[in-house]
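> Quick one, what's the 3D model for this:
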Amino acid sequence: MGTSTGTRTLVTAFAPAVWGTTYVVTTELLPAGHPLFAGLVRSLPAGLVVLAVLRVLPRGVWWWRSLLLGALNIGFFFPLLFVSAERLPGGVAATLGATQPLVVAGLAVGILRESPSWWRIGWGVAGAAGVGFVVLGPQAGLDPVGLLAGLAGALSMALGVTLTKHWRTDEVRPVVFAGWQLTAGGLVLLPLTALFEGRPPAVDLPGLGGYVWLGLVGGLVAYAVWFRGIGTLPVAAVALLGLISPLVAAALGAVVLDQTFGPVQALGFGLALTALAAGQLSAARSGGPGDAPTPPAEAIDVTGSGSRTVPTPPTPGTVPTAGRARTAPGTPGLQEPPRPVRRRAADAPLGQPLPADRHV
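The predicted structure follows:
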């Protein structure tokens, strides 16, 4: 794993590490019995702030894509996460979430047309088993509603991660992309919260601090980092980073809630960390398929007309230009560059103003 890839991996790992604090914040700071409201406060305010400050809106197909991704990554995932955290011991909820890398590995084969990386699938199984050793115990209850919520949340997030990779774009900054999805997810949660939970609960000062932490750091900052990592790293490797979340939750349980680690928990912790490290190795080093180079990101429709501009490599003997190359008369194989083409304002990428009288 190269230095740049290692740095991107470490930065991306910040997101699941922050999400690992959700369990202790939910149980110790937030009002109980309001998972939809917790998800709403965690998403919609931060998304609206991004839209108000940066003023970049989706265009074309990105309206419905942002709505779908926001629902999968946030609108559905947040309340399912909170229901699972409230109705199950943190260990059971975390173990269910640790199955996400396996789901992503399967979805990548069908949606991304990637060859299965048996190396990462194997370490995904080992990582889930390690998390189970860390957090499960004889007192772990199996509430059916909590179990269904945990499994549905893992499936929702796995599908959202895979589609985010499939539809990635380099034309907008990750914080803008996160803002679109946070807003869409919050709008999905708004009517559900009003319908099922009614009036918001009373929030004290510690609860307010918990909501600010989950919304600003765990929502906007973490999702911006997460989406950037999805766009630049193999999707199966990113999904394996999700194992950090239950490990952080278990560590916080030991430090904050005075929970103890026995030999089995220590063994599981080591196994999960080994799976995290080994899962980041490329298939070229591990000898397995499934890590073909990432193709160029899809160009976004910036005009709203449905057309896109995707860069293509120049053919041998041609001069790379913005227009159509013409063959120089009487000179086989030599291509004459076209006249300079003036770019229109509509051709400028989102969020990047076009300088006046610029030629390409």
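
> so L30 makes contact with A38?
Yes - assessed by Cβ atoms under 8 Å, L30 is found in contact with A38 at 5.7 Å. Bear in mind the C-beta positions are built from the backbone N, C-alpha and C, glycine included.

> quick one: which of those two has more around it?
Set L30 next to A38 and count neighbours by other Cβ atoms under 10 Å: A38 wins out with 31 against 26.

> how about that one, what does it touch?
A38 sits next to 26, 30, 78-79, 82, 211, 214 when contact means Cβ atoms under 8 Å, 6 or more residues apart in numbering.

> Most widely separated two among these?
Spatially, the most separated pair among the contacts of A38 is P79 and Y211, at 14.7 Å (Cβ to Cβ).

> Quick check, L252 in contact with T22.
No - using Cβ under 8 Å, L252 makes no contact with T22, being 10.1 Å away.

> Out of the two, name the residue with the larger neighbour count.
Each of L252 and T22 has its neighbours counted (other Cβ under 10 Å); T22 has more, 27 against 18.

> what pLDDT does the more buried one get?
Listed pLDDT for T22 reads 81.

> who touches it in this structure?
81-82, 85, 214, 218, 245, 249.

> now P201: how far from W119?
46 Å (Cβ to Cβ, to the nearest Å).

> Looking at these two, which is more packed in?
Between P201 and W119, counted using other Cβ under 10 Å, the more crowded position is W119 (21 against 15).

> what about this structure, any weak spots by pLDDT?
1-3, 89-95, 116-117, 120, 134-142, 259, 261, 279-360 (pLDDT under 70).

> the strands in it, which residues?
326-327, 335-336 (DSSP state E).

> ok, back up a step: from the contacts of A38, which land in helices?
Among the contacts of A38, the ones falling in helices (DSSP state H) are 26, 78-79, 82, 211.

> In contact with P45: list those residues for me.
Counted by Cβ under 8 Å, 6+ apart, P45 has contacts 186, 215.

> ok, the residue nearest to G179 when sequence neighbours are not counted - contacts?
Spatial nearest neighbour of G179, excluding adjacent residues (Cβ to Cβ, 6 or more residues apart in numbering): V50 at 2.7 Å. Going by Cβ under 8 Å, 6+ apart, V50 touches 175-176, 178-180, 182-183, 220.

> what's the answer for L247, then?
By Cβ under 8 Å, 6+ apart, the contact list for L247 reads 20, 131, 134, 269, 272-273.

> For those residues, give me JSON lines that also has distance to G70 and neighbour count.
Shown next, in JSON lines, are these (distance: Cβ to Cβ, whole Å; neighbours: other Cβ atoms under 10 Å):
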{"residue": "G20", "distance to G70": "22", "neighbour count": "24"}
{"residue": "V131", "distance to G70": "27", "neighbour count": "29"}
{"residue": "V134", "distance to G70": "31", "neighbour count": "28"}
{"residue": "F269", "distance to G70": "34", "neighbour count": "19"}
{"residue": "A272", "distance to G70": "30", "neighbour count": "27"}
{"residue": "L273", "distance to G70": "32", "neighbour count": "15"}
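
> Out of those, flag the one nearest to T169.
G20 (28.6 Å).

> Can you report phi and psi for the closest one?
phi -70, psi -20 (degrees, to the nearest 10).

> just the helices in the stretch 201-350 of the chain please.
Applying DSSP state H, counting those that start in this stretch to the stretch 201-350 of the chain gives helices spanning 205-212, 222-232, 235-240, 244-256, 263-279, 283-286.

> Nearest to V11 among these would be which one?
helix 222-232 (6.0 Å).

> neighbouring contacts of the closest one?
Residues outside helix 222-232 that contact it (Cβ under 8 Å, 6+ apart) are 8-9, 11-12, 14-16, 18-19, 73-74, 161, 164-165, 168, 170, 173-175, 177-178, 181-182, 238, 241, 294, 297.

> Can you say which of those residues are buried?
8-9, 12, 14-16, 18-19, 73-74, 161, 164-165, 168, 173-175, 177-178, 181-182, 238, 241 (16 or more other Cβ atoms under 10 Å).

> Now do the contacts for L96.
L96 neighbours (Cβ under 8 Å, 6+ apart): 84, 88, 147, 150-151, 153-154.

> Now it: closest residue in space, sequence neighbours ignored.
L96 sits nearest to G150 (Cβ to Cβ, 6+ apart), 3.3 Å away.

> What distance do you get for that neighbour to L88?
With distances taken as Cβ to Cβ, G150 is found 7 Å from L88.

> more neighbours, the two?
G150 (25 against 22).

> That one reaches S84, doesn't it?
Yes - judged on Cβ under 8 Å, G150 makes contact with S84 at a distance of 3.9 Å.

> picking that back up, of the ones in helices among the contacts of A38, which is the most crowded?
F78 (28 neighbours).

> Am I right that that residue is in contact with G185?
Yes - the pair F78 / G185 is scored as a contact, 6.9 Å apart, by Cβ under 8 Å.

> Mutual contacts of those two, please.
39, 43.

> I'd like to check which residues are in contact with V235.
Shown in contact with V235 (Cβ under 8 Å, 6+ apart): 104, 108, 112, 114, 161-162, 165.

> how near is it to A277?
Taken as Cβ to Cβ, the span from V235 to A277 is 18 Å.

> Next: A71.
Distance check for A71 against A277: by Cβ to Cβ, it reads 33 Å.

> ditto for A46
Here A46 is placed at a distance of 32 Å from A277 (Cβ to Cβ).

> Surely I74 is in contact with T183?
No - look at I74 against T183 with Cβ under 8 Å: they stay out of range, at 9.3 Å.
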